[in-house]
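Asker: dropping the sequence and predicted coords here.
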Amino acid sequence: MKKRRFLIPLLAFLCLLCAVFLISCREKHVHKLIYRGALEPTCTTEGRLPHWFCRRCEACFSDEHAENEIADPSSVILPFATHPLDENDYCAICDWKKGTEGLVYTPDESEAAYLVSGIGSARGDIVVSNRYNGLQVVGVSDSAFRGCRELTSLTLPDTVTRIGSSAFEDSSLQSIDIPESVTEIGHSAFRGSALASLHLPSRVIRVRDYAFLHCAALESITVAPGNTVYHSAGNCLVETRTGTLVQGCKSSVIPDDGSVTVIGWGAFAGTALAAVRIPAAVTGMEGSAFAGCTVLHTVAFDPDSALRRISDSAFEGCTALRTVSIPAAVQHIGRHAFQDCNALAELRFAPGGRLSSLGSMAFRDCDSLTAVALPEGLTDLYGWEFYGCDALRSIAIPATVTVIGWNSFAKCPALEQLTVAPGNTVYHEAGNCIIRTADKRLAVGCKSSVIPDDGSVTSIGIGAFEGSGLTAIDIPADVTHILDMAFSYCEGLAAVRFADGSKLSSIGGAAFSRCTALTSITLPAGVTAIYGNAFGQCTALLAVFFEAPRGWQVFDRSVMPATPVPIPVPANELAYRSVAATYLTVTYRSYDWKRS
C-alpha cells in the first residue's frame, strides 16, 4: 500500500517533466531563414512576392524575425504574365515567341536549357517556342519527330543550334524554317521525310551522313551566302573544300565548272531525279550515289569523263534506267553497281577503255539485258556479275579475261551463246561452253551447250550450268568430277546421259538440286562419292539406277566436325530404282554417300 502511494506521485512528476522538456524543445527551435526576393512573372514563368523561407521547417514568413508566418505558402506565387503579343506571337517584354501548344520539351544534358523532343498533341504546322520554363530551347532532340505523320511544317526559333540525328526521319514534314543559329544537322535528320525544299543557313558547318537520304520530294536546295563550308549550285549541296556533292534532288543539274569532283555517298539515293549528266571533272563516285532512283531513265557521262570508278551500289535499283555507256576512264565497276536495273536493255563500253574488273553482282537481276560484249582489257570477273539476268542471250568474253568467278552467269535461263575471243590464254570456248584450258574445267555453260567429247573437259565446275535453260545434257566419258551446284536449279533439265565407259568418280553437293523435271538417271559404275543434297528437291525423280550398287555407306553431315558414324546401304535395296531414288532425294538426301 505504501509503495503504491509512493509510485503515483513519482509517475505524475515524470509526466510533468517530459511535458516541460518538450515545450522547452519547441521553444528552442531556431528558424534558418533565407530571403526570397520578388520575381516578376513572365509569359513562361510564374512570379513571386518577397518573403523569408525557413529551410528547417519550410514555413514562410513576411518578416525577417519569423514573427508573422504566412498561413498559405502558395499565396506568394504570382501567376504567369499575360503580356500583349505582336502579329508574330512575340512578346518583346519577355523575349518569348509563343509556340504551338502540346509540344513536348525535355531538358538537355546540362539541364540549363531545353530541347523540343516530341510532337505531343500538336498537329500540322508547328512553331517551336524559344523558351520553355524560363530556359532557352537550344535544339531538336534525336528522333524527336521520327516517323511522325501528323507534321506538315516546322518553324524553329533562333535559339536552336542543332538538329539531332533522325529528328525528322520518315516523317511527313514538308517544309522547315532552319534559323541562322543552327550549326549542325545530325545523322539521318531528314532521311525519308517529305521535305520539298532545303535552305541551309550560313552558320551550318556540319551536315552528318544520310541527313537528307531518300527525300523523294526534295526539289530545291539553296545555301545562304557566307557559309564557309557549303555552297549550292544547280540545286546541289556541295562541300566547297573537297568538291564533294553532298546532296542532290529531283531538279539537280551537276555543275560543269569543275567545282564538283566527287559525288558523295547516297547523294541522290531515293530522289525523284529523272535524268543526269555527269561532268568531265567528276573523278570519284561514292557508294549508293544514285541508288533507288526509280524514275531515273537517262545517265549521260561527258565524253571526256575522268571518272575512274563506279562505286558499289551506285545505280542499284534504278528500275527505269534503259541504257548505260561506261566511260573509257573507268577502271572498276563496284559490287551491286547496277543490280536490279530491270529496264536496262543496252550496256555499252567505250572503245579503248581501261576497265579491268567487275564487282560481284554488278549487273545482277538486270532482266532486260539481252547481249553483253565485255571490253578488251577486262581481266577479272569475281562472281555473280550477271546472275539472274533472265533475258540475257549472249556473252562475249575478251582475250584479256583471266578470272571468271562462281555464278558469274548463273540463273540466266535464256543464255544460249557463249564466245571467247581468240588469244585468251586462260579460257576457250567450244560447243557454247567456256572452258578453263589448263585444268580442263568447264566454267560456264548455257541452254545450248554441248560438252566436247575430245578430252578437253574433265570436270564441270561449281555452278557451271546453275539456273540455265538446259533441257538435256550428254556428259562425255572423260568427265571425272561434277562439282557443287553444277546443274542446280535447271528446272527444265529432263535428261542426263553419261557416255559409255564414263570415268565419273564424284558428284558434288547440290549438283542436281531442284532439277524438278528430272525423272530418272543412271549413275556410272565408277562413281564412289555423292555429296549432300546432290539430288535434293528433285521432286520428279522416281528412278535411280546404280551401275555399282554394292559397298555404299552414308554419313550424316550434321554431326560434323565430329566423326560421323557410317550407315551401310544394302545393295539389294539400291537394286530397286524407286528405293534408290527415295534414298537419294528423301531419306539420305543431306548425307554424304561413299563407296568402298
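Answerer: Thanks, I have it.

Asker: run the chain-centre distance for stretch 449-466.
Answerer: With C-alpha atoms, centre = their mean, to the nearest Å as the basis, stretch 449-466 stands 39 Å off its chain's centre.

Asker: can you pull the buried residues of it?
Answerer: Neighbour-count burial for stretch 449-466 flags 449, 451-452, 456-457, 459-466 (criterion: 16 or more other C-beta atoms under 10 Å). Heads up, the C-betas are built off the backbone N, CA and C, glycines and all.

Asker: and what of stretch 58-69?
Answerer: Judged by neighbour count using 16+ other C-beta under 10 Å, the buried positions of stretch 58-69 are 59-61, 66.

Asker: now do that stretch, average pLDDT.
Answerer: Stretch 58-69 comes out with an average pLDDT of 88.

Asker: list of residues touching it?
Answerer: For stretch 58-69, the surrounding residues in contact (C-beta atoms under 8 Å, 6 or more residues apart in numbering) are 31, 33, 35, 51-54, 70, 73, 76.

Asker: now secondary structure and neighbour count too, for those, in CSV please.
Answerer: As requested, these are exported to CSV (DSSP: H, G, I helix; E, B strand; the rest coil; neighbours: other C-beta atoms under 10 Å):
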residue, secondary structure, neighbour count
His31, coil, 16
Leu33, strand, 19
Tyr35, strand, 9
His51, strand, 19
Trp52, strand, 20
Phe53, strand, 18
Cys54, strand, 17
Ile70, coil, 16
Pro73, helix, 13
Val76, helix, 18
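
Asker: want to throw these into a markdown table with distance to Ser165?
Answerer: Conversion of the contacts of stretch 58-69 to a markdown table gives the following (distance: C-beta to C-beta, whole Å):
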| residue | distance to Ser165 |
| --- | --- |
| His31 | 51 |
| Leu33 | 48 |
| Tyr35 | 45 |
| His51 | 46 |
| Trp52 | 48 |
| Phe53 | 43 |
| Cys54 | 47 |
| Ile70 | 49 |
| Pro73 | 44 |
| Val76 | 43 |
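
Asker: for the residues you listed, which one is nearest Pro41?
Answerer: Val76 (12.1 Å; C-beta to C-beta).

Asker: what pLDDT, on average, does stretch 377-390 get?
Answerer: Confidence over stretch 377-390 (mean pLDDT, whole number) is 97.

Asker: do stretch 36-55 as well
Answerer: Throughout stretch 36-55, pLDDT has a mean value of 81.

Asker: straight-line length of it, end to end?
Answerer: Stretch 36-55 stretches 12 Å from its first residue to its last (C-alpha to C-alpha, to the nearest Å).

Asker: buried residues, it. List them.
Answerer: Judged by neighbour count using 16+ other C-beta under 10 Å, the buried positions of stretch 36-55 are 39, 41-45, 51-54.

Asker: list the contacts of that stretch.
Answerer: Residues outside stretch 36-55 that contact it (C-beta under 8 Å, 6+ apart) are 31-35, 59-64, 66, 70, 75-83, 91, 93-94, 96, 98, 129, 131-134.

Asker: among these, which are in strands?
Answerer: Judged by DSSP state E, strands contain the following of those: 33-35, 60-61, 77-78, 91, 96, 131-132.

Asker: dump the residues you listed into a markdown table; add distance to Gly536 as well.
Answerer: A markdown table is the format used below for these (distance: C-beta to C-beta, whole Å):
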| residue | distance to Gly536 |
| --- | --- |
| Leu33 | 88 |
| Ile34 | 84 |
| Tyr35 | 88 |
| Cys60 | 85 |
| Phe61 | 90 |
| Ile77 | 79 |
| Leu78 | 82 |
| Cys91 | 76 |
| Trp96 | 72 |
| Arg131 | 69 |
| Tyr132 | 65 |
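
Asker: and which of those is nearest Thr183?
Answerer: Using C-beta to C-beta, Arg131 is the member of the ones in strands among the contacts of stretch 36-55 that sits closest to Thr183, with 19.9 Å.

Asker: wait, the closest one sits on Val137?
Answerer: Yes - contact status for Arg131 versus Val137: in contact at 6.4 Å, counting by C-beta atoms under 8 Å.
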